[in-house]
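Visitor: Sequence and predicted structure are below.
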Amino acid sequence: MSAQREMKEKNPWHTPVTIIITVIGVIAIVALVTVAVLQNRPVSQKYKYGIVLDAGSSHTALYIYEWPAEKDNNTGRVEQTHSCKVKGKGISSYASEPWKAGESLTLCMQEAEQKVPKKRHHETPLYLGATAGMRLLNMENSSASDKVFQAVEKALQKSPFSYQGARILSGQEEGAFGWVTVNYLDDRLMQGLETTGALDLGGASTQISFVSDNYDGSESPSNSVAFRLYGNDYNLYTHSFLCYGKDQVLRMALAQQTQSGPRTILDPCFHPGYTEIKNYSVLYDSPCVSDRKPQGAPVSFNHRGNGSFGQCQEIVKSVFNFTSCKYSQCSFNGVFQPLLQGPFGAFSAYYFVMNFLNLTDTSIPLDTVKDKLTRYCATPWDQIKLQHPNVKLNYLEEYCFSGTYILTLLTEGYNFTSESYSNIKFIKKIKGSDAGWTLGYMLNLTNMIPAEAPDSPPLPHAGYVSIVTIIALLLVVLFILSLRPLWPRCSKQPHII
Ligand SMILES: Nc1nc2c(ncn2[C@@H]2O[C@H](COP(=O)(O)OP(=O)(O)OP(=O)(O)O)[C@@H](O)[C@H]2O)c(=O)[nH]1
Ligand SMILES: [Ca+2]
């Protein structure tokens, strides 16, 4: 018993000095780890906002984007937080009453004021970009297009946001920014991964944009856009076909069938039993067809359907010109196109149409896709209406035509084969943001994609904390070892020789 007490009294660990040193050491280490964890923790997030109005040929849409405030110049992910579809048609349809173009935006602008926090309004950039509808109006009647812009500007200047201007995008910009959007959202740019091509089908124009290894931009410089993004160089091929959006191609297909000014046409691109009276002057009121208006035609014609995919495809093919190509290879209308390469994302009307037709699965062989469309086109119009009571008739009547146009454009126009067709993905959104040119446009104008790779911290947060913890533990062990001289001796029995 007394030996035990003696041991306890002699145990240096029980001296006050050692206890104090140990406690201070532990507190110091806990403090070190806590500071390390707190110091490097992301600060609570504040957001910035940007607004883009997409003034398309068929309608205008407003998109609100949001990103963490402290990261706007490097890695912060910009996300779409809200979209608003402007009621009515595109701004180019207000050529004869321009003030209405400005008024049409009011509701969506009010919605944007609700969605963006008030204290951020004045610093939120607001852009309007117009595409093929305004390109056509500008070609046809530039003073009317100027008036539409004036009306739109007047409406947007009234908003509390930081209005940055309204302009017509070139076809090249429209194609290139669509490509930037898709690849930014897919995280392909920052990581330097193989990029995805972009296929955009609008109402009045269509764009194709992709990177091809065998294309350096020299063969057709007007189709080339060079980018340096996050330290990687891209030589993008892009082309926008004006008049090859689906609404204008439908006009061209109808113009093709009404050249003799008939009173009735039997259109294979519309369902059997479909019958509608259409006005010649409305049909030909577009620069895409106006020079072909038949002389001496009656006021209207009876547009009737007979639902034949094969015959419809022949008509659609006739709107492409395959005869002349002064380059090594062309898509159509004498436009250069390098060899198709890589995966493609096909959005806007590509998605609306293929999604309605249940044909977004591109692992379905192309022949099967054609068979399905053949059966769909041949279905009587009354039956189609019964099967889809909730679909707007002006959309419903056109899916046979639009599906036929999409397949023809992809295979005959751009030269997708039954193999490369499966590289196409029909998409609407990527990670919650709509695929389209607007996000790429805003990223570019706000300099949010740097040319060089951003300096990243040498260690991610978790790695930093782990290393500090390991060092702290090592210090504990060292500390304990340094007290070794004070350790109680193990009282082993002495060897008796
Ligand atoms: N079926 C269907 N069609 C749609 C829908 N929204 C738009 N469309 C049609 O799809 C086509 C393309 O639409 P958008 O991509 O909005 O075209 P846009 O931007 O107005 O036209 P561009 O200026 O040529 O780009 C047009 O013919 C529209 O009428 C939809 O929800 N469903
Ligand atoms: Ca568009």
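Guide: Noted; the coordinates are in hand. Ligands and ions are numbered 1, 2, ... in the order given.
Visitor: How far away from the center of its chain is stretch 57-75?
Guide: The gap between the average C-alpha position of stretch 57-75 and the chain average comes to 11 Å, counting by C-alpha atoms, centre = their mean, to the nearest Å.
Visitor: Quick check: residues of the stretch 151-300 of the chain near ligand 1?
Guide: Residues of the stretch 151-300 of the chain lying close to ligand 1 (C-beta under 6 Å from any ligand atom) are Gly202, Gly203, Ala204, Ser205, Gly245, Lys246, Asp247. All C-beta spots, glycine's among them, are computed from the backbone N, C-alpha and C.
Visitor: what residues are up against the residue in the stretch 351-497 of the chain positioned nearest to ligand 2?
Guide: With C-beta to the ion, the shortest gap between the stretch 351-497 of the chain and ligand 2 falls at Gly436, namely 6.4 Å. Contacts for Gly436 were tallied using C-beta atoms under 8 Å, 6 or more residues apart in numbering; they are Asp54, Gly178, Thr181, Asp200, Phe347, Ser348.
Visitor: Which members of those residues are positioned in helices?
Guide: In helices, defined here by DSSP state H, the members of the contacts of Gly436 are Gly178, Thr181.
Visitor: surely Asp233 meets Gly217?
Guide: No: between Asp233 and Gly217 there is no contact, the gap being 11.1 Å when judged by C-beta atoms under 8 Å.
Visitor: quick one: which of the two has more around it?
Guide: Set side by side, Asp233 and Gly217 give different neighbour counts by other C-beta atoms under 10 Å, the larger being at Gly217 (15 against 9).
Visitor: and whichever strand in the chain runs longest, what other elements does it pack with?
Guide: For the chain, the strand reaching the highest residue count under DSSP state E is reported as strand 232-242. Based on contacts counted as 3 or more C-beta pairs under 8 Å, 6 or more residues apart in numbering; DSSP states H and E, the elements that strand 232-242 packs against are helix 132-140, helix 171-185, strand 205-211, strand 224-229.
Visitor: got the angle between that strand and strand 224-229?
Guide: Strand 232-242 and strand 224-229 meet at an angle of 140 degrees, taking axes from the mean of the first three to the mean of the last three C-alpha atoms, to 10 degrees as the criterion.
Visitor: buried ones in strand 232-242?
Guide: Residues Asn232, Tyr234, Asn235, Leu236, Tyr237, Thr238, His239, Ser240, Phe241, Leu242 are the ones in strand 232-242 that count as buried (16 or more other C-beta atoms under 10 Å).
Visitor: List the residues that contact the residue nearest to the spatial centre of the chain.
Guide: Against the mean C-alpha coordinate of the chain, by C-alpha atoms, centre = their mean, the closest residue is Ala435 at 2.4 Å. The contact partners of Ala435, by C-beta under 8 Å, 6+ apart, come to Gly178, Thr181, Val182, Leu185, Ala198, Gly345, Phe347, Ser348, Tyr351, Ile427, Lys428, Lys429.
Visitor: how does it look with 6 Å?
Guide: Contact criterion C-beta atoms under 6 Å, 6 or more residues apart in numbering gives Val182, Phe347, Ile427 as the residues in contact with Ala435.
Visitor: for these, which one is nearest Met109?
Guide: Minimum distance to Met109 across these is 25.0 Å, recorded for Phe347 (C-beta to C-beta).
Visitor: Without its sequence neighbours, what residue ends up closest to that closest one?
Guide: Beyond its immediate neighbours in the sequence, the residue positioned closest to Phe347 (C-beta to C-beta, 6 or more residues apart in numbering) is Ala435, lying 3.7 Å away.
Visitor: same check, this time on Leu266
Guide: With C-beta to C-beta, 6+ apart as the measure, Asn306 is the residue that lies nearest to Leu266, at 4.9 Å, once sequence neighbours are left out.
Visitor: pLDDT wise, what is that neighbour at?
Guide: Here, the pLDDT recorded for Asn306 equals 98.
Visitor: That one: how many residues sit nearby?
Guide: Residue neighbour count, defined by other C-beta under 10 Å, stands at 18 for Asn306.
Visitor: What distance do you get for it to Ala378?
Guide: As judged by C-beta to C-beta, to the nearest Å, Asn306 and Ala378 stand 9 Å apart.
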